[in-house]
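J.: Predicted coordinates and the sequence they were generated for:
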Amino acid sequence: MTSGLGYRVIGAVAGVAVLGAAIVLVGTEAGRALFDREASETMAETLESYCVSCHNGIDLTANLALDGNELTDIGAHAEVWEKVLHRLDGGSMPPLGEPRPGSDAYETIVGHLEAELDAAAAVAPNAGRLPLLRRLTRTEYKNAIRDLLALDNLPVEMDFELLLPADNASSGFDNIADLLFVSPVTMERYLGAAQKIARLAVGDPRMPTMVNIHRLPLELPQDEPVAGLPFGTRGGLVTETYFPLDADYVFVIEPGRAREIHEVELTIDGERVALGEVGRGSGGPGGDSRLEFRVPVSAGPHIVGATFVRRTHALDESTVRVQRRSRGTLPAIELVTISGPFAPTGSGTTPSRDRIFLCTPEVAADEAPCARRILATLAGRAYRRPVTDADIEPLMAFYEDGRNEGGFDAGVQRALERLLVSPLFLYRIERVPESAEAGQPFPVSPVELASRLSFFLWSSLPDDRLLELATSGALADDDVLVAEAERMLKDPRAASLVNNFAAQWLFLRDVEAKDPDVFIFRDYDEGLREAFMHETELFVGSVLREERSVLDLIRADYTFVNERLAEHYGIPHIKGSRFRRVTFPEGNPRGGLLGQGSILTLTSYPTRTSPVLRGKYILDNLLASPPPPPPPDVPALEAAMNDEQATMTLRESMARHRENPECASCHALMDPIGFAFENFDAIGRWRETEGGLPIDVASTLVDGTVVDGVEGLRALLLSDSERFVSAVTEKLLMYALGRNVQYYDRPTIRDIVRAAADDDHTFSALIRGIVTSVPFRMRMTSDAQPTGGEG
Amino acid sequence: MFVTRKALPRRTFLRGVGTSLALPLLDSMFPAFAADAASGPPRLGFIYAGNGIVHEHWTPKTAGTDFELTRNLASLVNVREQLNVVSGLAHLEADTKGDGTGDHPRASAAWLTGVHAYDRTRPGVEVKLATSADQIAARVIGADTQLPSIELSIDPPMQGACDAGDCFYVNTVSWRNETTPNLAELHPRVVFERLFGDGGSSEERLARARVTRSILDSVLDEAARLAGTLGAGDARKLDEYLDSVREIERRIQSAESSGAQDIALPERPTSIPDTYQEHARIMYDLQVLAFQADITRITSMIVARELSGLSYPNIGVSNGHHNVSHHRDDPDLIDEKTRIDTYHVELFAEFVEKLQATPDGDGSLLDHSLILYGSGMGDGNLHRHDELPLLTVGRLGGKIRTGQHLVYPRHTPMTNLLLTVLDKVDAEVDSLGDSTGRLSPDLLSS
């Protein structure tokens, strides 16, 4: 089971190295490298002097035995050596307090291991293991529906979070092929979703009424105008939502209790369609706390606004709303319910119907050919490949069935419903050709590659152009592949790299789950929480779109703020809810991800900061070097402090924690990084003191480097920039492949990082590297299990 | 059978959950369930409360029938006669095998399977567990009901990184087979619609069932054709699909053959309640309803998953549950952890009291049920998988002797208990995970 255990070679290290031939050729034409005998000897001596006293076949510290390894054939034991390389590269071994080799030795060994491992991988590449079928994730399904049927912003009753279950995740990513299970419960949900989506897309006049409840967070102040609503209004809801039919809809607006009379207006696409009053004494149609309007709306997506008309002077409502910033001081709209359709007059003209109905049969004889054309087009897009009669016939059978019951549209709707539960739609499918040899990687077909590309860059279906290039075979060409990737990166659908990839990589969704203590952090509210998320998304998006180096994620001198966030960060002269780019003056500590409220908050406890969580986050998410978890019986010291510790500062008590050698080995890695952030409080505000005492943000790393504050940490990350770039690449690769990254992927990652150096490590350069890499373009037969691990 | 609803006022449901029983009495409206009506069919429930407990406050001091209820268990006083506290059992397969420190994921993975969950993130390791005890039972006593089982949770699934290995092992305790976990549903509305459908008259429901069945037939053909074209490779995912389609087909067939029936039901819940307490109560109520209407006879629910980050401000615990569970013998933290565990048992006690108050056949639902409550972790502070906190409530139609604190020798596999329970519902299997036999002596059987 464990790598180290299965791997003990007998014999003394130094002896073996000497036995090695002076020059051993490793590899074939593809990966020829010279065996560097001198480096090998340095490595043997260093291992002997600094490593094997713990990592030997008897002590097996960390399940790793380095004594007696065949140093002439590094590639044969890649799993062990990649682990060693990772530890040395990060400088985390030998541990604190143990003697360390000189930096020359580090460099020699790292260089030697890399050269050997990369050469071996070039000779015998390992594409890794993936199942033949991979279910679409909920996000991919949602995007596929958007692109296939031009259906977006579904009514909340059809929210995808209700339609389909959440997917399991590994390291934050929910697109891991192995974990995308289907059980009868999932199948039931797919059947239900298909029925609802098909009738919405086609505009089924028999569709039942929906009750769509839009609840506004209580913690969202509504004292100011909301972005997207007209000037002269304040607070309220603005949302784009889909109206299924040309019909009447009932809007119920429920503000909290108001002492005074307030005007509330309802807008559709910016036009006022209704106006009413709430508040004591107002005689609105729904009494004084509730407004109800019945309004005809055309089918399709519309922007609905429900908001207060702003008064010219402030009124004293302070006793109505709790006097706390997070609640605001004025009455707020709490609930907007949109029910309908009522008294429908037709399916209307919608983007969905435009996209589906490529033809309109004039006479009965035209119907079947038209249906066939419609369904063949839908199936081609949905199944992401050229379709055959065998694909169309089952759909036509359902068309006929529905047609006989309810006419042409009903036939198309029935066939669409059937298509949406087809395994050909729900799964990405890759086949193993008969020519595939066991243990040898083989390229996936161009059509399969198109899906790999589109699900990576768009989290969605390939578009027609990409599919055409795949069908013609052109996509197999490197230049075409790269050009397509670049085209796709410029498409709006590439936003999924921000809101799906980056959000999962950085655990941004955790911000939603964080609840800073309201008594300590009275400033924290829903508006700030949303601003945090939005800032980071805009920021990562800018690095991607502007072809910036991924290092700008650390070193950028700009960010995006609105008034709420600017105030939080102490940036003057920013007014209103609109986000805009601001450049920090030199010496400002905020630039880059490290200074952003989202990350500073999601790595804190409700009541205070956590240097450990922050240190762990940097190691795990930004450096892809997760520290091992704490042993259970000496758990998170900081969870609480007992009486004795209460008299010490957090820093002192953690220093005591590190006196325990078992704790120290990991905390020595995490804590100094975490302490560098201490000028930011648990919701990311800048502070110079804590409890009246000045904050000490300087610490010493295992290798003796001093990290002084967040500026020092930034400098540290940039000083070994390849490490950060490698980590970003590793996360991107995991997301691109839909599987956990393994030791045999490390040569690929190093290749990509090296190649992207010429382009200053832009996201697009890394993505080019990934899409042309072995694991992205190839697969292996399943009986060619990688060696080096066992189940 | 289709259950279609005549709406009762929504308040009946939403407000009724809580102190007093306000569920509509469905029993008299179900003449169709005559088969077992005299005695009431057997029902099993499996309630998981992760992160272990503090033994001092869980385990009664003495064995036998005269034991005193501890602080954790005090709220079970009204069902004491139907209660067994079972001590001494273990899940040693949840211990590490040198493969990292996923003590928490392994605890919930082993709970109903007795199988070690290997760290799938390592090269060459795949998802592989075993059919869980609830599912083994479901194949027997769930075969005739609309749903063989339902799986619920009131603790949001883990999505980010967990301490090691794969987080998804903490999100469910129910495994359909060795490679397919059952999804634990959080949303009361989704559960409600699974149980009672999403509206429409009986005729509409029947027409709908016909369409669904033809869709399933058709995709089954398509999937079979697909299987022939894949080539040599890992096609397990297709098997999951085929298995799921066939299961839904079976359900629809059995529903069609027993016809439609209109009964009064509360209006469906709309959203996940804002508070843990309301969420727990509505999900427990749905289980009572499901048992009562005999829509399913097997339920499982996670009330606290392993590594849970939930805090409980209403009982004075503002730290996350998992953090609190590592109390390091700090008296304040021990108190917080104990408060959490006591609270979970209190909400559970409301559930079993409702079962007791609901007539079923010749007795109450509780008379015909066995609800197992507990954790795959004993001492959560130390990540121990022995001395597991476990209790059962209900007599399972008189097959279970109750009112006792049973103390088994240290490290007796919990799977031995599960085997004994499976025997009682005629779902005998030779072994389960690390089982070494039935509970011996079998103090559980009456």
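T.: Arrived safely.
J.: which stretch of helix or strand covers residue B:151?
T.: Using DSSP states H and E, residue B:151 maps to strand B:150-153.
J.: Mind giving me the packing neighbours of that strand?
T.: For strand B:150-153, the packing partners by 3 or more C-beta pairs under 8 Å, 6 or more residues apart in numbering or on different chains; DSSP states H and E come out as helix B:188-196, helix B:276-292, strand B:298-304. Backbone N, C-alpha and C define where each C-beta goes, glycine included.
J.: could those go into CSV alongside distance to residue A:237?
T.: CSV is the format used below for these (distance: least, C-beta to C-beta, whole Å):
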stretch, distance to residue A:237
helix B:188-196, 22
helix B:276-292, 25
strand B:298-304, 34
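J.: what's the closest of the ones you listed to chain A?
T.: helix B:188-196 (6.8 Å; C-beta to the nearest C-beta).
J.: Any buried residues in the helix or strand following the closest one, and which?
T.: The first helix or strand that comes after helix B:188-196 along the chain, using DSSP H and E, is helix B:202-227. If you call a residue buried by 16 or more other C-beta atoms under 10 Å in any protein chain shown, then helix B:202-227 has these buried ones: B:205, B:208-209, B:211-212, B:215-216, B:218-220, B:222-223, B:226-227.
J.: Need the contact partners of the following helix or strand past helix B:202-227.
T.: Counting by DSSP H and E, the next helix or strand C-terminal to helix B:202-227 is helix B:236-257. If you take C-beta atoms under 8 Å, 6 or more residues apart in numbering or on different chains as the criterion, helix B:236-257 is touched by A:131-135, A:180-184, A:186-188, A:191, A:423, A:426-427, B:1-2, B:144, B:146-148, B:176-177, B:179-180, B:206, B:209, B:212-213, B:216-217, B:219-220, B:223-224, B:226-227, B:230.
J.: List only those of those residues flagged as buried.
T.: Looks like the contacts of helix B:236-257 have A:131-135, A:180-184, A:186-188, A:191, A:423, A:426-427, B:1-2, B:146-148, B:176-177, B:179-180, B:209, B:212, B:216, B:219-220, B:223, B:226-227, B:230 buried, using 16+ other C-beta under 10 Å.
J.: Identify those among those that sit within helices.
T.: Applying DSSP state H to the buried ones among the contacts of helix B:236-257, the entries found in helices are A:184, A:186-188, A:191, A:423, A:426, B:209, B:212, B:216, B:219-220, B:223, B:226-227.
J.: among those, which two are most distant?
T.: Farthest pair in those (C-beta to C-beta) is B:209 and B:227. Separation: 26.5 Å.
J.: rewinding a little: same list (the buried residues of helix B:202-227) but as TSV, adding distance to residue A:581 and pLDDT.
T.: Shown next, in TSV, are these (distance: C-beta to C-beta, whole Å; pLDDT from 0 to 100):
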residue	distance to residue A:581	pLDDT
B:205	55	81
B:208	52	88
B:209	56	89
B:211	53	94
B:212	52	94
B:215	50	97
B:216	53	97
B:218	53	97
B:219	49	97
B:220	54	96
B:222	50	96
B:223	51	95
B:226	49	94
B:227	53	91
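J.: can you count the residues close to the closest residue to residue A:385 other than its chain neighbours?
T.: Closest residue to residue A:385 apart from its sequence neighbours, by C-beta to C-beta, 6 or more residues apart in numbering or on different chains: residue A:447 at 4.8 Å. The tally of other residues near residue A:447 (other C-beta atoms under 10 Å in any protein chain shown) stands at 20.
J.: sec struct for residue A:447, please.
T.: Three-state call for residue A:447 (DSSP: H, G, I helix; E, B strand; the rest coil): helix.
J.: so who does it touch?
T.: Residue A:447 makes contacts with A:384, A:385, A:386, A:467, A:470, A:471, as judged by C-beta under 8 Å, 6+ apart.
J.: Return the members of these classed as buried.
T.: A:384, A:385, A:467, A:470.
J.: got those residues as JSON lines, with secondary structure and pLDDT columns?
T.: Shown next, in JSON lines, are the buried ones among the contacts of residue A:447 (DSSP: H, G, I helix; E, B strand; the rest coil; pLDDT from 0 to 100):
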{"residue": "A:384", "secondary structure": "coil", "pLDDT": "98"}
{"residue": "A:385", "secondary structure": "coil", "pLDDT": "97"}
{"residue": "A:467", "secondary structure": "helix", "pLDDT": "98"}
{"residue": "A:470", "secondary structure": "helix", "pLDDT": "98"}
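J.: Just the closest of the residues you listed to residue A:215, please.
T.: Closest to residue A:215, out of all of these and judged by C-beta to C-beta, is residue A:384, at 36.9 Å.
J.: Please verify my assumption that the closest one contacts residue A:462.
T.: Yes - contact between residue A:384 and residue A:462 holds when scored by C-beta atoms under 8 Å: they sit 5.7 Å apart.
J.: The closest residue to chain B within the stretch 301-450 of chain A: how many residues sit nearby?
T.: Closest residue of the stretch 301-450 of chain A to chain B, C-beta to the nearest C-beta: residue A:432 (3.3 Å). Residue A:432 has 19 neighbouring residues, counting by other C-beta under 10 Å.
J.: Who are the contact partners of it?
T.: A:132, A:442, A:779, A:781, A:782, B:230, B:231, B:232, B:233 are the contacts of residue A:432 under C-beta under 8 Å, 6+ apart.
J.: go with 7 Å
T.: Residues near residue A:432 by C-beta atoms under 7 Å, 6 or more residues apart in numbering or on different chains: A:781, B:230, B:231, B:232, B:233.
J.: Could you identify the pair within those residues that is furthest apart?
T.: Pairwise distances across these peak at 11.5 Å for A:781 and B:230 (criterion: C-beta to C-beta).
J.: got the contact list for residue A:544?
T.: A:497, A:498, A:763.
J.: what about the residue in the stretch 451-600 of chain A positioned nearest to chain B, which helix or strand?
T.: Nearest residue of the stretch 451-600 of chain A to chain B, counting by C-beta to the nearest C-beta: residue A:507, 5.2 Å away. Residue A:507 belongs to no helix or strand when assigned by DSSP H and E.
J.: surely it meets residue A:169?
T.: No - using C-beta atoms under 7 Å, residue A:507 makes no contact with residue A:169, being 10.2 Å away.
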